[in-house]
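Trainee: Predicted structure and sequence below. I'll ask about it afterward.
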Amino acid sequence: MSKVTKIIIAGPRGKMGKETVQLVRETEEFQLEAVVDSKNAGKMLKELPNMPDEQAPVYDDMKVCLEETEADVLIDLTTPAAGKKHLELALDYNVRPVVGTTGFSEEDVERLRDKAEDKEIGAIIAPNFAVGAILMMKLAQMTAKYFSDAEIIEMHHDNKLDAPSGTATKTASLINEVRPHKTQGHPDEKEDLDGARGADIDGLRIHSVRLPGLIAHQEILFGGSGQTLKIRHDSMNRQSFMPGVKLAVENVLSLKTLVYGLENIMD
Ligand SMILES: NC(=O)c1ccc[n+]([C@@H]2O[C@H](COP(=O)([O-])OP(=O)(O)OC[C@H]3O[C@@H](n4cnc5c(N)ncnc54)[C@H](O)[C@@H]3O)[C@@H](O)[C@H]2O)c1
Ligand SMILES: O=C(O)C1=N[C@H](C(=O)O)CCC1
């Protein structure tokens, strides 16, 4: 019989949290140990409105939850500020973090990787759990070897707190790894209106769109002499992220470092 993985979910009432509670419930080898919410401490998950019939205790303090429960993995789907604190605490308690929460800087990732390696336990930060989005990023990196001029347009729902998206910054760093350093656009261009040319990551421009009706979408536009190429991914619902969440939980158990991006654990 395969071992059961005991899981804490932070943010269970959120859009991603709800889907993830469902994923854990329907996966035989996963067990929901507890949840960490911004309120409702002392209740059981099933007592909260619109939650499934699940006996997991609700905490509103990650430290107390980690002290009082015995979990293998923390899945965090909260906010940039809470996610950073939760990841750090999980490592302190030897619980392996799988973090979908976005808003981590490169410095955050480096610092947390050092900590995971000191503790010799695995951690995963995945700016995008959708397998199609990972392929989009890999294709963009492959394309950038041949088309060094690119701009990223990311489009998300208007409840998103961070901009640019984690996927866009990750895509930009993958592209910048393979193209010669360059500043996008005319060397003498100037913005008559601040922000007109978008955000700048090492010369690569990112444009962030926020609209009701959207979920998570991204295009990378490449331009070459006399031709353009567009790579696009669309998440139509949050179920699109669940196979990636499952893959991350299964893989984090055998890692001894922090992995940033699911492309590093996909064959
Ligand atoms: N990696 C991916 O594939 C992926 C996909 C979708 C969303 N996201 C990211 O996941 C995060 C959550 O997204 P969402 O759309 O579910 O947001 P949401 O606003 O619907 O849910 C966030 C939840 O976190 C809870 N929360 C806030 N602070 C908390 C704290 N300190 N402790 C416990 N719970 C807390 C809120 O009460 C809320 O229920 C965001 O950072 C988003 O960018 C990542
Ligand atoms: O906030 C969201 O919703 C999403 N954020 C991710 C990002 O910042 O890249 C991608 C998936 C959806």
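Mentor: The structure has been received and is ready for your questions. Numbers count the residues shown, from 1 in each chain. Ligands and ions are numbered 1, 2, ... in the order given.
Trainee: pLDDT below threshold where in the chain?
Mentor: 1-2 (pLDDT under 70).
Trainee: residues from it in reach of ligand 2?
Mentor: Contact residues (Cβ under 6 Å from any ligand atom) of the chain with ligand 2: 102, 127, 128, 156, 160, 165, 166, 167, 216. In short, each C-beta sits where N, CA and C put it, glycine included.
Trainee: Which one (most neighbours) among these?
Mentor: Highest neighbour count within the residues of the chain next to ligand 2: residue 128, with 28 neighbours (other Cβ atoms under 10 Å).
Trainee: Name the SS class of that one, please.
Mentor: Three-state call for residue 128 (DSSP: H, G, I helix; E, B strand; the rest coil): coil.
Trainee: wait, what's in contact with the closest residue to it other than its chain neighbours?
Mentor: Excluding its sequence neighbours, the residue lying closest to residue 128 (Cβ to Cβ, 6 or more residues apart in numbering) is residue 167, at 4.3 Å. Neighbouring residues of residue 167 by Cβ atoms under 8 Å, 6 or more residues apart in numbering: 102, 127, 128, 133, 137, 154, 216, 218.
Trainee: from those, which single one is nearest residue 17?
Mentor: Among these, residue 102 lies closest to residue 17 (Cβ to Cβ), at 14.3 Å.
Trainee: where's that closest one, which helix or strand?
Mentor: Secondary structure from DSSP states H and E places residue 102 outside every helix and strand.
Trainee: on that earlier part again, so how far is residue 82 from the residue nearest to residue 128?
Mentor: 20 Å (Cβ to Cβ, to the nearest Å).
Trainee: Stretch 249-256 and ligand 1, are they touching?
Mentor: No: Stretch 249-256 stays clear of ligand 1 (Cβ under 6 Å from any ligand atom), getting no nearer than 13.2 Å.
Trainee: With stretch 15-30 instead?
Mentor: Yes: residues of stretch 15-30 contacting ligand 1 under Cβ under 6 Å from any ligand atom: 15, 16, 17.
Trainee: So what's the residue count around the first one?
Mentor: Look at residue 15: counted by other Cβ under 10 Å, it has 14 neighbours.
Trainee: would you say the residue nearest to residue 128 is within a helix?
Mentor: Yes: residue state for residue 167 (three-state DSSP) corresponds to a helix.
Trainee: Give me the three-state assignment for residue 191.
Mentor: coil.
Trainee: List the contacts of whatever residue of the stretch 1-150 of the chain ends up closest to ligand 1.
Mentor: Nearest to ligand 1 in the stretch 1-150 of the chain, going by Cβ to the nearest ligand atom, is residue 14, at a distance of 2.0 Å. When contacts are counted by Cβ under 8 Å, 6+ apart, residue 14 touches 77, 78.
Trainee: how about the closest residue to ligand 2 within the stretch 1-150 of the chain, what does it touch?
Mentor: Here the stretch 1-150 of the chain gets closest to ligand 2 at one residue, residue 102, 3.6 Å apart by Cβ to the nearest ligand atom. Neighbour list for residue 102: 80, 83, 127, 162, 165, 166, 167 [criterion: Cβ under 8 Å, 6+ apart].
Trainee: now those residues in a markdown table, with distance to residue 106?
Mentor: Output for the contacts of residue 102, formatted as a markdown table (distance: Cβ to Cβ, whole Å):
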| residue | distance to residue 106 |
| --- | --- |
| 80 | 14 |
| 83 | 16 |
| 127 | 12 |
| 162 | 14 |
| 165 | 15 |
| 166 | 12 |
| 167 | 15 |
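Trainee: Just give me the closest of those to residue 8.
Mentor: Residue 8 lies nearest to residue 83 out of those, by Cβ to Cβ, at 13.3 Å.
Trainee: about what we covered before: go through the residues of stretch 15-30 next to ligand 1 and flag which are in strands.
Mentor: Judged by DSSP state E, the subset of those located in strands is empty.
Trainee: was I right about residue 182 contacting residue 148?
Mentor: Yes: the pair residue 182 / residue 148 is scored as a contact, 6.0 Å apart, by Cβ atoms under 8 Å.
Trainee: Compare those two (neighbour count), which wins?
Mentor: The residue with more neighbours, out of residue 182 and residue 148 and counting by other Cβ under 10 Å, is residue 148; that gives 18 against 13.
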